[in-house]
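Colleague: structure, please.
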Amino acid sequence: MPETAVAIITRTKDRPLLLRRAVESVLGQTYADWVHVIVNDGGDPAAVEQVVAPHAERYAGRLVRVDNPQSLGMEAASNRGIAASASRYLVIHDDDDSWDPAFLEKMTALLEASQPPVAGAICHSVLVHEAIESESVKEQRREDFNASLLAVPLAQMAVRNLFPPISFLFQRAALEAAGPFREELPVLGDWDFNLRFLRDHDIAVLPEKLAFWHHRVAAAEGGYANSVLGGALSHASYDAAIRNQLLREDLEKGRVGLGFLVNFGTAVRDEIHASAPGSLIEARAAPALRLIIDEARNKAQAAEIALQQSQQRQQTMETLAQDLNQRLEAVHRSTSWQVTAPLRWAIRMAKRLTGRR
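Modeller: Got it, this is the predicted structure:
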């Protein structure tokens with residue numbers, strides 16, 4: 001396979017609605033020296049074919065398909081896609097994310113102008129909140145994700161992940177030096193890779209919002225949904241597992257290395273935020289987990305507001321009912337009501353005799 005400048009790796013499984021957007025994101029790039037590797041990780045190959053077939057002319061031979069008969073997991077899918085391509089640079093473009101059309105043009109220019117030890121580059125990212133409704137994607141709101149990030153220090157990366165994969169273009173040679181993505185990690189594989197990457201290389205920052213990280217906490221059905229509780233527990237568990245493993249390696253070798261760094265960073269933040277446990281959890285959490293925490297908080301606040309509104313409506317109805325009862329009692333006690341009682345009785349009797357109601 002001839003070498004291109006950039007290999008774009010897209011992992012997908014039975015999400016054609018989102019894959020269509022990812023395909024358009026890639027094909028819409030102003031930079032053309034790329035190959036798009038779509039790794040269908042255990043999904044229906046026919047669904048992928050239906051998405052890409054109409055774009056054969058636009059792809060012009062720059063598409064590679066990898067169909068895994070069974071799902072191997074996100075990081076294994078990344079490794080399969082990387083192995084199926086040849087390029088100077090690599091980037092992970094998941095099926096639910098997207099780029100500005102100038103992403104590849106500007107990011108490759110930045111990397112090519114950089115000197116060692118720089119071997120990767122990121123841009124600023126925009127977090128897009130969305131929902132799946134009736135087989136369509138409905139955007140809800142946008143917010144800056146890391147617009148204040150001007151550099152990528154290893155010490156800060158040791159505390160938490162600083163950027164999503166969609167924003168990260170890096171040299172293939174740097175991946176070969178750092179090692180592949182760890183396939184045993186179902187989550188946080190990108191953070192683990194970023195830590196190993198930064199041990200030997202630097203990452204340049206382009207302060208432009210060219211990457212869009214789409215996020216759905218709840219979706220209507222199937223593989224489009226994200227689990228809130230399960231995702232939070234999984235991220236927290238593997239966050240601790242990665243930190244513990246790195247620290248044990250340092251202890252076994254009698255050195256002060258990355259293991260001490262990732263754990264010391266969180267320990268320092270423990271002291272700073274000891275009076276605010278909730279803030280501590282959020283500060284230490286990886287971006288995906290912090291998003292889950294934010295969404296859970298928003299749902300709880302919305303539920304609390306709805307409850308307060310319901311209580312206010314109930315109180316209003318009770319007040320109106322009480323006022324109506326008081327008015328009826330006043331009418332019953334009034335002189336006019338008592339004086340006209342015989343007339344009302346006569347009218348009722350007349351209706352009964354004539355068969356009217």
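Colleague: now do the strands in the stretch 101-250 of the chain.
Modeller: For the stretch 101-250 of the chain, the strands defined by DSSP state E, counting those that start in this stretch cover 118-132, 137-144, 168-171, 202-215.
Colleague: format those strands as CSV; extra columns: distance to Asp323, mean pLDDT and mean neighbour count.
Modeller: (Each C-beta comes from the backbone N, C-alpha and C, glycine too.) Formatted as CSV, the strands of the stretch 101-250 of the chain follow (distance: least, Cβ to Cβ, whole Å; pLDDT from 0 to 100; neighbours: other Cβ atoms under 10 Å):
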stretch, distance to Asp323, mean pLDDT, mean neighbour count
strand 118-132, 42, 95, 21
strand 137-144, 41, 92, 11
strand 168-171, 65, 98, 24
strand 202-215, 48, 96, 20
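Colleague: in a markdown table, list those along with distance to Glu105.
Modeller: Below are these laid out as a markdown table (distance: least, Cβ to Cβ, whole Å):
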| stretch | distance to Glu105 |
| --- | --- |
| strand 118-132 | 12 |
| strand 137-144 | 22 |
| strand 168-171 | 11 |
| strand 202-215 | 10 |
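Colleague: against Val262, how distant is the spatially most central residue of the chain?
Modeller: When Cα atoms, centre = their mean is applied to the chain, the residue found nearest the centroid is His215 (3.1 Å). Distance of His215 to Val262, given as Cβ to Cβ, to the nearest Å: 25 Å.
Colleague: ditto for Pro16
Modeller: Distance from Pro16 to Val262, by Cβ to Cβ: 38 Å.
Colleague: neighbour count: the two, which is higher?
Modeller: Val262 (25 against 19; other Cβ atoms under 10 Å).
Colleague: quick one: the more buried one and Asn244 touch, right?
Modeller: No: applying Cβ atoms under 8 Å, one finds Val262 not in contact with Asn244, separated by 9.5 Å.
Colleague: ok, Leu19 - how many residues close by?
Modeller: 24.
Colleague: again, but for Gln29
Modeller: There are 19 residues near Gln29, going by other Cβ under 10 Å.
Colleague: residues contacting it?
Modeller: 99, 101-105 (Cβ atoms under 8 Å, 6 or more residues apart in numbering).
Colleague: show me where pLDDT drops low in the stretch 251-357 of the chain?
Modeller: Filtered on pLDDT under 70, the stretch 251-357 of the chain yields the residue ranges 265-301, 328, 331-332, 334-339, 341-344, 346-347, 349-350, 355-357.
Colleague: and Val126, how far is that from Leu27?
Modeller: 20 Å.
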